[in-house]
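Colleague: give me the fold of what follows.
(one chain, ligands or ions: 1)
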Amino acid sequence: MTAPAGIALSGLSKTFTGRGKRIEALRDVTLTCPPGSFTALIGPSGCGKSTILRASLGLEPVDTGRVEIAGRPPAQATAAGLTGVAFQDAGLLPWRSVSRNIALPLEVLGRDVGSATGRIRDLITLVGLSGYEDALPGELSGGMRQRVAIARALVSEPRVLFLDEPFGALDQILRRQMNIELQRIWAETGATTLLVTHGIDEAVFLADRVAVMQANPGRIVEVIEIDLPRPREPSLFSAPHFHELCDRIAGVLHGG
Ligand SMILES: Nc1ncnc2c1ncn2[C@@H]1O[C@H](COP(=O)(O)OP(=O)(O)OP(=O)(O)O)[C@@H](O)[C@H]1O
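Modeller: Here you go, the predicted model:
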């Protein structure tokens with residue numbers, strides 16, 4: 001039985017062929033993210049992380065296996081606005097204000113934007129951008145743009161949130177601030193979250209469990225439970241148990 005608002009990936013395999021090459025992007029990937037949980041997916045470049053996300057959003061068909069998002073096939077879940085997604089490149093439309101960028105998924109889903117004005121205002125507050133409602137993306141810092149992208153991902157009130165390296169382009173200090181913000185946003189929304197990241201410390205700080213992948217073929221080699229109490233404070237970044245968990249993940253990543 002699939003939990004209603006969770007992510008259930010079972011036995012996913014996907015091989016790309018082209019230019020005389022076969023790339024086994026995914027081999028037998030199984031991952032369950034219970035409702036309201038936070039899972040991080042970490043692995044070397046090309047191990048299939050984005051392929052998992054695309055398959056979860058119904059954007060990439062798999063060869064074998066099954067994807068269920070909030071109890072539905074992925075394309076159906078996305079079309080129903082049950083999923084939200086933010087990428088490394090915030091991908092904001094430069095000519096639209098912060099508010100109108102956040103409203104975009106509602107327009108795509110054919111929902112009434114006028115009746116969502118209050119919700120958009122609340123989201124702007126949630127991501128700490130009050131006062132910037134009418135600003136254009138070009139007037140914002142990189143971290144602020146990523147906050148807008150996260151607010152936009154949340155506007156359809158998704159039960160499941162996919163984040164693909166949302167803070168990858170930010171410097172370390174800003175990234176940590178965003179990690180703290182994201183923990184708060186996740187706790188407030190209760191959305192089941194799957195975060196793709198290259199940052200071990202980011203994964204450990206945020207997640208309930210970290211799925212570690214290897215490439216060629218792309219596969220999950222270990223799922224490590226993060227038994228750190230919540231809410232997690234910035235001081236955690238220098239705690240011994242935090243570093244033990246990071247070292248353990250690094251060991252798996254490097255084939256240990
Ligand atoms: N449309 C495609 N056609 C051919 N090969 C593809 C396609 N999409 C992905 N691949 C290949 O599948 C493998 C997995 O790609 P994917 O983008 O999922 O990796 P990733 O772990 O997200 O990488 P990164 O961390 O660099 O973003 C790679 O070898 C990539 O070259």
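
Colleague: looking at this structure, which helix or strand is least sure?
Modeller: Of all helical and strand segments in the chain, the minimum by mean pLDDT, DSSP states H and E falls on helix 172-189, at a mean of 87.

Colleague: packing partners for that helix?
Modeller: When contacts are defined as 3 or more C-beta pairs under 8 Å, 6 or more residues apart in numbering; DSSP states H and E, helix 172-189 sits against helix 142-154, strand 160-164, helix 200-206. Yep, even glycine has a C-beta here, placed from its N, CA and C like the rest.

Colleague: any chance of the ones you listed in a markdown table, plus mean pLDDT and mean neighbour count?
Modeller: Output for the helices and strands packed on helix 172-189, formatted as a markdown table (pLDDT from 0 to 100; neighbours: other C-beta atoms under 10 Å):
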| stretch | mean pLDDT | mean neighbour count |
| --- | --- | --- |
| helix 142-154 | 90 | 23 |
| strand 160-164 | 94 | 24 |
| helix 200-206 | 96 | 23 |
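
Colleague: of those, which is nearest the ligand?
Modeller: strand 160-164 (7.7 Å; C-beta to the nearest ligand atom).

Colleague: does the ligand sit close to that closest one?
Modeller: No - legend: contact between strand 160-164 and the ligand by C-beta under 6 Å from any ligand atom is lacking; minimum distance shown is 7.7 Å.

Colleague: the nearest residue to residue 60 once chain neighbours are set aside: neighbour count?
Modeller: Excluding the flanking residues, the one nearest residue 60 by C-beta to C-beta, 6 or more residues apart in numbering is residue 54, at 3.7 Å. Residues contacting residue 54 under the criterion other C-beta atoms under 10 Å number 20.

Colleague: what do you get for residue 225?
Modeller: Neighbours of residue 225 using other C-beta under 10 Å come to 10.

Colleague: so it bridges to which residues?
Modeller: Counting by DSSP bridges, residue 225 is bridged to residue 209.

Colleague: my read is that it contacts residue 207, right?
Modeller: No - between residue 225 and residue 207 there is no contact under C-beta atoms under 8 Å: 9.3 Å.
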